[in-house]
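Peer 1: Quick check, what structure comes out for this input:
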Amino acid sequence: LLAPPPADAPPFHVIVAGDTGAGKSTLLNALLGYEILPTSCCAACTATVIDASWGEVWSATVEFVAEEAWRETVTAAEAHARAGGDSSAAAEASWERATAVYGSPLADATTLLARLDVAELLGTSRQLSAGGDADLADLVAPFVDASASASDDSGDLSPRHLWPLVARVHLRGPFAVTAGGVLLRDVPGLADESASRSGVLERVLEAADSLLLVSSINRAANDKGAKSLLPLPLRRELLDSGYLGDLAFIASKADLLTPSEVSENLGLSAGTSAAACAAARNAFTAHTLTHWFHEGCLPHLLPASRSPLFSGWRERGCLGHEGLRFELPVFPVSSRDALVLEGVRPGDGEARVFSSAAETRIPALRAYIALSA
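Peer 2: Residues are numbered from 1 along each chain as shown. A predicted model of the protein is given here:
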């Protein structure tokens, strides 16, 4: 049975972070068990903070950016245009967002900021009520999907797109993974060059109770963006005093592989099945990431030297994960195959590699989140 969180309990923030294109939106859909977020776009899905939490009815809250923040964006966009495009990456990102709203070429900042159709949205919020998961997906699409315009039935395109004006979208529904008071949060891409979006990421990470670092399995072992969040001092601190549930590494898109290439790279026999190749690559990825995480750590922090339980945990009354020492869990997952095998994507045909939802590791990741909370 699904149980809503206690009314007075603060949410347990699980932050989903990774580079653009790492598959975070598809992962979030798989964890929720519903196809809510668009997965065909890139910039919009990572430019907006997206929250998901328990709700007995399907709804969403859209929060628009503050007036001062949008003023900075438009001013930087104007400067970028006047410089002939020869300016910083952050200014270019501002120009892209401004032209998505106003069109191109841009007028001067004063004229743009005076437009009431945009100004009346700044600093406000909008409540959306839906009749189900598909209805909710349609309602939130203009606010998170770069391919969706703000056009209504009359063809009015003013503003042309809404997503650059959105600071956060909060989804609510009967999501089993959030039933214990969990709030899932998808944040902007780690490699995003926009200073304003980087600031958003830093503030969001500070509020994290648990962090899921997401990287495509093809590059997870060498993902500098994800690893930059885990410098050696932090890794040592986690191993010394952290709890199980503080951090996990998610190697996404485990269903995307060429068996012959995996067989050659890992020394498998010719003709090894796709499922066996995936299992071998999953094990290799987990081993490589675990080895990297412990590099440079003192001997007493290595797995062979540590008990999985804190000393005196029974006497201190620690319950659940509070008595378990931190170790880095690595979850190689296939969000796409999980969505197919669980019947969420009936039109996508057969699963690519895995034969059961359990093999995709999405159910295991949901259980890990429940344990962490």
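
Peer 1: Remind me what the host helix or strand of E63 packs against, helices and strands.
Peer 2: Assigned by DSSP states H and E, E63 belongs to strand 59-64. Contact here means 3 or more CB pairs under 8 Å, 6 or more residues apart in numbering; DSSP states H and E; on that basis strand 59-64 packs against strand 125-129, helix 133-144, strand 166-173. (Each C-beta comes from the backbone N, C-alpha and C, glycine too.)

Peer 1: How about residues contacting that strand?
Peer 2: Contacts with strand 59-64, where a contact means CB atoms under 8 Å, 6 or more residues apart in numbering, come from 121-130, 136, 139-140, 143, 165-173.

Peer 1: now these: which count as buried?
Peer 2: 121-122, 128, 130, 136, 139-140, 143, 165-173 (16 or more other CB atoms under 10 Å).

Peer 1: circling back: name every strand pairing with the strand holding E63 and say which way it goes.
Peer 2: Sheet pairing here is set by DSSP bridges, and for strand 59-64 it gives strand 125-129 (antiparallel), strand 166-173 (antiparallel).

Peer 1: which other helices and strands contact the longest helix anywhere in the chain?
Peer 2: Counting residues, the longest helix found in the chain (DSSP state H) is helix 274-294. When contacts are defined as 3+ CB pairs under 8 Å, 6+ apart, helix 274-294 sits against helix 232-241, strand 247-252, helix 259-266, strand 330-332.

Peer 1: rerun at 6 Å
Peer 2: Packing contacts for helix 274-294, counted by 3 or more CB pairs under 6 Å, 6 or more residues apart in numbering; DSSP states H and E, involve helix 259-266, strand 330-332.

Peer 1: Alpha carbons of that helix, as PDB, please.
Peer 2: Extracted C-alpha coordinates of helix 274-294, given in PDB (Å, rounded to 0.1, in the frame of the first residue of the first chain):
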ATOM      1  CA  ALA A 274      23.900  -8.900 -25.200                       C
ATOM      2  CA  ALA A 275      22.600  -9.700 -21.800                       C
ATOM      3  CA  ALA A 276      25.900 -11.300 -20.700                       C
ATOM      4  CA  CYS A 277      27.800  -8.400 -22.200                       C
ATOM      5  CA  ALA A 278      25.700  -6.000 -20.300                       C
ATOM      6  CA  ALA A 279      26.200  -7.800 -17.100                       C
ATOM      7  CA  ALA A 280      30.000  -7.900 -17.600                       C
ATOM      8  CA  ARG A 281      30.100  -4.200 -18.400                       C
ATOM      9  CA  ASN A 282      28.000  -3.400 -15.400                       C
ATOM     10  CA  ALA A 283      30.400  -5.300 -13.100                       C
ATOM     11  CA  PHE A 284      33.400  -3.700 -14.700                       C
ATOM     12  CA  THR A 285      31.900  -0.200 -14.300                       C
ATOM     13  CA  ALA A 286      31.000  -0.800 -10.700                       C
ATOM     14  CA  HIS A 287      34.500  -2.100  -9.900                       C
ATOM     15  CA  THR A 288      36.300   0.800 -11.700                       C
ATOM     16  CA  LEU A 289      34.300   3.500  -9.900                       C
ATOM     17  CA  THR A 290      34.700   1.800  -6.600                       C
ATOM     18  CA  HIS A 291      38.400   1.600  -7.100                       C
ATOM     19  CA  TRP A 292      38.600   5.300  -8.100                       C
ATOM     20  CA  PHE A 293      36.500   6.400  -5.100                       C
ATOM     21  CA  HIS A 294      39.100   4.800  -2.700                       C
END
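
Peer 1: That helix: which residues count as buried?
Peer 2: For helix 274-294, a neighbour-count test (16+ other CB under 10 Å) marks 276-282, 284-286, 289, 292-294 as buried.

Peer 1: JSON lines please, covering those and showing pLDDT.
Peer 2: Converted to JSON lines, these look like this (pLDDT from 0 to 100):
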{"residue": "A276", "pLDDT": "96"}
{"residue": "C277", "pLDDT": "96"}
{"residue": "A278", "pLDDT": "96"}
{"residue": "A279", "pLDDT": "96"}
{"residue": "A280", "pLDDT": "97"}
{"residue": "R281", "pLDDT": "96"}
{"residue": "N282", "pLDDT": "96"}
{"residue": "F284", "pLDDT": "95"}
{"residue": "T285", "pLDDT": "95"}
{"residue": "A286", "pLDDT": "95"}
{"residue": "L289", "pLDDT": "94"}
{"residue": "W292", "pLDDT": "93"}
{"residue": "F293", "pLDDT": "92"}
{"residue": "H294", "pLDDT": "92"}
